[in-house]
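Q: Quick one: sequence plus predicted model below, questions after.
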Number of protein chains: 2
Amino acid sequence: MNDFMAAATDEAKKGFLEGGIPIGAVLVRDGRIIARGHNKRIQEDDPVLHAEIDCLRNAGRIGRYSDTVLYSTLMPCYLCAGAVVQFNIPKVVAGESENFVGARDFLISQGVCVIDMDLPELKDMMREYIEKNPEIWYEDIGTL
Amino acid sequence: MNDFMAAATDEAKKGFLEGGIPIGAVLVRDGRIIARGHNKRIQEDDPVLHAEIDCLRNAGRIGRYSDTVLYSTLMPCYLCAGAVVQFNIPKVVAGESENFVGARDFLISQGVCVIDMDLPELKDMMREYIEKNPEIWYEDIGTL
């Protein structure tokens, strides 16, 4: 695991310790993390506060995203992929997509470079969470 | 203009009076408005707080969206369309798409029913705003 995905994983674990869904994200520019975020649906009772959305919110109004890379512990869903496409973020690195394939094909169809690190540690973490909290998970991805 | 689009327009105007981008949205269920929102990029320095995202945030964790309709004064961008697709909102009503065609074709390709009311009042409001505030507008749609 590289440093950026490790930082996204730290965010996921922070969210879990807060009682939330363990998904984390970081935004990188020029080899430096400029924002971090994690899923806060439960913590803030906010259905749109996915990890990537929280991260982009925390980045603030940076204007251009053309030299950024978005790291997420899990393949982005359509909400977060829509943000990537709208803001012209050229590259997404996901920790895994085994537990959720998300909007991977949509991102690729829009010309976004998508890398799936397929990391066993992240697959185990998410699988365990989904098994123990199916209702929260299916609420989060809009399939209740 | 029907009552729901009138309520979305009121939100847009409220945002404008706050110094923000005049785009508003409401979420409707069973013929009743269950949430309202407007673009708050400027007011809250938040790049993801588009009108539809603010509205969905204000709706809270409603669980299922299959019997909801999202009204927006302007055709949703990819971020907001991504939320619609992820949450399985079946129908979007836009006040206009002349100033911004947004992710209309994406929504339709995903099976979302999209209605464009093509309202002169909303087209005039948005055109005037974009003409006077091009930098803010192009920042908002990620094309700076």
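A: That came through fine.

Q: Only C-alpha atoms from now on, for both contacts and neighbour counts.
A: OK.

Q: show me where chain A has strands.
A: A:24-29, A:32-38, A:68-72, A:91-94, A:113-116 (DSSP state E).

Q: Need those in a markdown table (columns: mean neighbour count, mean pLDDT and distance to A:R57).
A: A markdown table is the format used below for the strands of chain A (neighbours: other CA atoms under 10 Å in any protein chain shown; pLDDT from 0 to 100; distance: least, CA to CA, whole Å):
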| stretch | mean neighbour count | mean pLDDT | distance to A:R57 |
| --- | --- | --- | --- |
| strand A:24-29 | 26 | 98 | 11 |
| strand A:32-38 | 21 | 98 | 8 |
| strand A:68-72 | 26 | 98 | 13 |
| strand A:91-94 | 23 | 98 | 17 |
| strand A:113-116 | 16 | 98 | 21 |
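
Q: Make a markdown table from these and add distance to B:N133 to it.
A: What follows is those, written out as a markdown table (distance: least, CA to CA, whole Å):
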| stretch | distance to B:N133 |
| --- | --- |
| strand A:24-29 | 27 |
| strand A:32-38 | 27 |
| strand A:68-72 | 26 |
| strand A:91-94 | 29 |
| strand A:113-116 | 32 |
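
Q: any chance of the ones you listed in CSV, with distance to chain B too?
A: Rendered in CSV, the data for the strands of chain A read as follows (distance: least, CA to the nearest CA, whole Å):
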stretch, distance to chain B
strand A:24-29, 14
strand A:32-38, 13
strand A:68-72, 13
strand A:91-94, 15
strand A:113-116, 17
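
Q: and of the ones you listed, who's closest to B:E135?
A: B:E135 lies closest, by CA to CA, to one member of those: strand A:68-72, at 20.4 Å.

Q: can you give me the offset of stretch A:127-141 from its chain's centre?
A: 15 Å (CA atoms, centre = their mean, to the nearest Å).

Q: Kindly report the same for stretch A:38-46.
A: The answer for stretch A:38-46 is 13 Å, by CA atoms, centre = their mean.

Q: Outside of it itself, list whatever touches it.
A: Here stretch A:38-46 makes contact (CA atoms under 8 Å, 6 or more residues apart in numbering or on different chains) with A:11-12, A:14-15, A:18-25, A:47-52, A:54-55, A:140, B:57-58, B:60-61.
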